[in-house]
Structure formats: C-alpha cells, structure tokens
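In: Fold the following and give me the result.
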Amino acid sequence: MPVMSKNSKKNWSKSALLIAGLSGLATTEAQIVVEGNDPGGSTISATGDFALALGQDATAANDNSFVFGGSSGGADSGADTATFWVDELYLGTKAIGDSIDNLETSVINLNNDIGTLEDDISSLESAVSSNTADIAVVTADVATNTADISALQSGFSTLQSQVSSNTNDISSLQSAVSSNDNDISSLQSAVSSIQSQVSSNDNDISSLQSAVSSNDNDISSLQSQVSSNDNDISSLQSQVSSNDNDISSLQSQVSSNDNDISSLQSQVSNNDADISQNAADIASLDALIAALQAQVNALHGITTAGPTTTPAPTTTPPAAYKYDVGVCGGIYCTITSATTCNTAATALGYTGDAANVVSKSAKVAGCYTTAAGNLVFNTDLASTEIHNTDNGQFVVCELCSGRRALRSSE
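Out: Model (predicted):
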C-alpha cells in the first residue's frame, strides 16, 4: 500500500523538513523520521531506540528500529518518491492489517491535508508580499495540522508498544520454527529411507505381478483342460452306469443259469450213480438167473452143451475229462495239479500253450480257460468262486477218483 499519494509528491523534501521541524520528530526515543534527501543535501536520520524511518534514504542507527525505504517507481513517478507495499502484515500469529489500514487512512488524510497545505503554502508564498492576512490563515492551518500530527504521533507510540510485544512473540515463534525444522529434517531422512524401501517393494511387486499373470494363464489353460476332462468323465460315467446295468442284468442271468446248471449237474450225478448201481444189480441178477436155470435143468434131467447165459448189457464208461461251466460237479471233480490240467486239456483237443499257473482267491479253483482261449491253473484250491461263462470260458474237470477206479475195472 502506498504511503504517499501521487498528488502529494511535489515539494516532498521541503514538506518533510517542515513537518519534522514543526513537530519535533527527530527526538532521541521512539522517533518517526520522514526523510526526503532533497537536492540541498539535507538528510534526517533516526538516531534513537524504537525509531521508525520512512523514505528513500532513511536510516536508523540503534536496535529495535524500523526503516522503510524504496526506489524510483518508474517514469510516471518522481525520483523523489519512496513507496512501501504490503498485502498483510503479521506479528506472530496476529494480523495487524486493520491497524495499518487505519494508520494508512490517517496518513492519507494527513497527506491530503499536507497536499492542501502545500497548495496553500504555494499560494501564500506567491502572495506573501502583498497579503499578510493570507499568511496568518496559513499559519493557523499549520497550527491545526501540527495538532493532527501530534495525535498521529500518539497513535504511532501505541503501535510501537504493540510492535515491541509482538517482536517477543516472533522470537518465541522463531525458536519453535527452528525446533520444527530439526523435526522436519529427521522426518525427511525417514521419508527418504521409506522411499528407497518403497522403490524396492515396487520392483518386487512388479516381479510378482508378472509371475501371477503367468500363473493366471497356466490356470486358465488347466481350467479349460479340466472342463474338457469333466465332460469326458461325465460321458464315461454315463457309459459305466449303462455298463453296470448291463452287467447287473447279466449277473442275474448267470446266477440263474448257474443255479439251473448246478441243479442239472446234481441230477446227472444222481443218474450216473443210479445207472452204475443198476448195471451192478443187473449183472448180479443175470448170474442168479443162470444159477437157477442150471438147477431147474438138473431137476428135469436136461443136459446142455453148456449153460445158457444172458449177456450183460453193454454200457459206455464216462470220459476221463470234460469241459464244464461254472464249477466241476457230479462225477467230475476239480483238477488238482498243473500237469493233469495240461493232460486233460490236450485230451479235450486243446493245442495252445501250457497252463499259466496262478494263485488267486478271486478265480475258480483248478483248471480253466479264458475268453482269449488260454489255459490257466489256479493253485488256490480253496477258492469257492464260480468261473465266468462268457465268450466260451469253461472249467476243465477230471473223473472223480472213485469213478476212475470203476472205469478201469470196466
């Protein structure tokens, strides 16, 4: 904010000297000096404590003094103009703008008065020789202005006291600011360390993000493959379920067939036993009949060239080996050695390799053929499993030992 208006700059040096002279501003304590450095070389300086010097070449010699100076404002400002600008002025945390604004208003009013006075003085100087009465008027105006200046000086004195108090507050704040500067320096060092760590972490994060992106691609590929496998598994499960139903149906049929076969085998076995017994009984009866016939002939005196006998019925002995389904039964028993297994299979027309010897409780005991036509001998003779009947699979059985002896005698 300008201290002096443009209209009041003329004859500034003379005005400054005049005000200082009239009001006694150049005192030793708490003085205000307005200095113009006029061409005549007159200079007014502040020499006391708590002094305020205003002007281009104003000076202050002692501590706690304030000097406001300036330089030429430009082409439209005279070289004798000193201007001080400020938007806001703080002492500590207190803004003193309002006080300065009030002071500025007073100064502007004073400058206006001074400007008017200067005009009046100019007029008086022109007419001093001819108009003493005008000089008296000017003198009266100067006296009035002197009273205003005295009041302004009182205001300045009060402001200086406030400035002194605020100066102490500023000193305390400066100490606090210095302490804060140290804290800020420590924090800056910590921030620098953290920034280095953050930079390192950023690199690690970038590497992890690349790895995650690669893993995401692998996971996506695996998920596609799993989805395809799930479809295949679902299809296989449907097929397995269908096969299970077919197998269950076949097993029921096989079980029914096994029961029928077992019943037939028991019946055949019983029939074979009955036939064998009947043949023996017939032979005994034939011998008895022949003996009785001889006795009858002897009683009647009948002689013959020889006894007449009825030939015994001819029976075909059972085969030594046979193929059977499920298990051996009736007069045929389970083969108990691999050698007999090979012999029996050969007798029945088998021309493949020798029996593969195994020991499995889940397979039928003894000698059997597979769906592929191979010969197998299972040494686990305690197995109670029934052999499969699918695809021409059979068990190979031999005539039981008792029947073998009977067959030999026949």
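In: What would stretch 151-165 look like as PDB? C-alpha coordinates only.
Out: What follows is stretch 151-165 as a C-alpha-only set of coordinates in PDB (Å, rounded to 0.1, in the frame of the first residue of the first chain):
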ATOM      1  CA  ALA A 151      -2.300  13.000  17.700                       C
ATOM      2  CA  LEU A 152      -0.800  10.800  15.000                       C
ATOM      3  CA  GLN A 153       2.400  10.600  16.900                       C
ATOM      4  CA  SER A 154       0.500   9.300  20.000                       C
ATOM      5  CA  GLY A 155      -1.000   6.600  17.700                       C
ATOM      6  CA  PHE A 156       2.400   5.700  16.400                       C
ATOM      7  CA  SER A 157       3.700   5.400  20.000                       C
ATOM      8  CA  THR A 158       0.900   3.000  20.900                       C
ATOM      9  CA  LEU A 159       1.600   1.000  17.700                       C
ATOM     10  CA  GLN A 160       5.300   0.800  18.600                       C
ATOM     11  CA  SER A 161       4.500  -0.700  22.000                       C
ATOM     12  CA  GLN A 162       2.400  -3.300  20.300                       C
ATOM     13  CA  VAL A 163       5.200  -4.000  17.800                       C
ATOM     14  CA  SER A 164       7.600  -4.500  20.700                       C
ATOM     15  CA  SER A 165       5.300  -7.000  22.300                       C
END
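In: residues of it that come out buried?
Out: Residues of stretch 151-165 classed as buried under the neighbour-count rule (16 or more other Cβ atoms under 10 Å) are Leu152, Gln153, Phe156, Leu159, Gln160, Val163. Every C-beta, even on glycine, is put in place using the N, C-alpha and C of the backbone.
In: Next SSE downstream of the host helix or strand of the second one?
Out: Right, Gln153. Assigning secondary structure by DSSP states H and E places Gln153 in helix 132-299. The helix or strand immediately downstream of helix 132-299 is strand 321-324, counting by DSSP H and E.
In: Give me the helices and strands touching that following strand, please.
Out: Helices and strands in packing contact with strand 321-324 are listed as helix 338-347, strand 395-399; criterion 3 or more Cβ pairs under 8 Å, 6 or more residues apart in numbering; DSSP states H and E.
In: ok, what's across the strand from Asn378?
Out: For Asn378, the beta-bridge partners under DSSP bridges are Val358, Gly366.
In: which ones are touching it?
Out: With contact set as Cβ atoms under 8 Å, 6 or more residues apart in numbering, Asn378 has these partners: Val358, Ser359, Lys360, Lys363, Val364, Ala365, Gly366, Cys367, Tyr368.
In: run the last query once more with 7 Å
Out: Val358, Ser359, Lys360, Lys363, Val364, Ala365, Gly366 (Cβ atoms under 7 Å, 6 or more residues apart in numbering).
In: Give the single residue among those residues positioned nearest to Gln253.
Out: Val364 (18.5 Å; Cβ to Cβ).
In: is it fair to say the closest one lies in a strand?
Out: No - in this structure, Val364 is coil, not part of a strand, as judged by DSSP: H, G, I helix; E, B strand; the rest coil.
In: Contact partners for it?
Out: Here Val364 is in contact with Val327, Asn378, Ser383, Glu385, Ile386, His387, Val395 (criterion: Cβ under 7 Å, 6+ apart).
In: any low-confidence regions in the stretch 1-150 of the chain?
Out: Where the stretch 1-150 of the chain drops to pLDDT under 70, the residues are 1-51, 53-89, 128-129, 131, 134-135.
In: if we can go back for a sec, any chance of the helices and strands packed on strand 321-324 in a markdown table, plus distance to Ser123, mean neighbour count and mean pLDDT?
Out: Putting those into a markdown table (distance: least, Cβ to Cβ, whole Å; neighbours: other Cβ atoms under 10 Å; pLDDT from 0 to 100) gives the following:
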| stretch | distance to Ser123 | mean neighbour count | mean pLDDT |
| --- | --- | --- | --- |
| helix 338-347 | 158 | 18 | 96 |
| strand 395-399 | 156 | 24 | 95 |
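In: Please indicate which of the contacts of Asn378 are buried?
Out: By neighbour count, with 16+ other Cβ under 10 Å, those hold Lys363, Val364, Ala365, Gly366 as buried.
In: Tell me the one of those nearest Ala354?
Out: Distances from Ala354 to these, taken as Cβ to Cβ, are shortest for Gly366 (15.3 Å).
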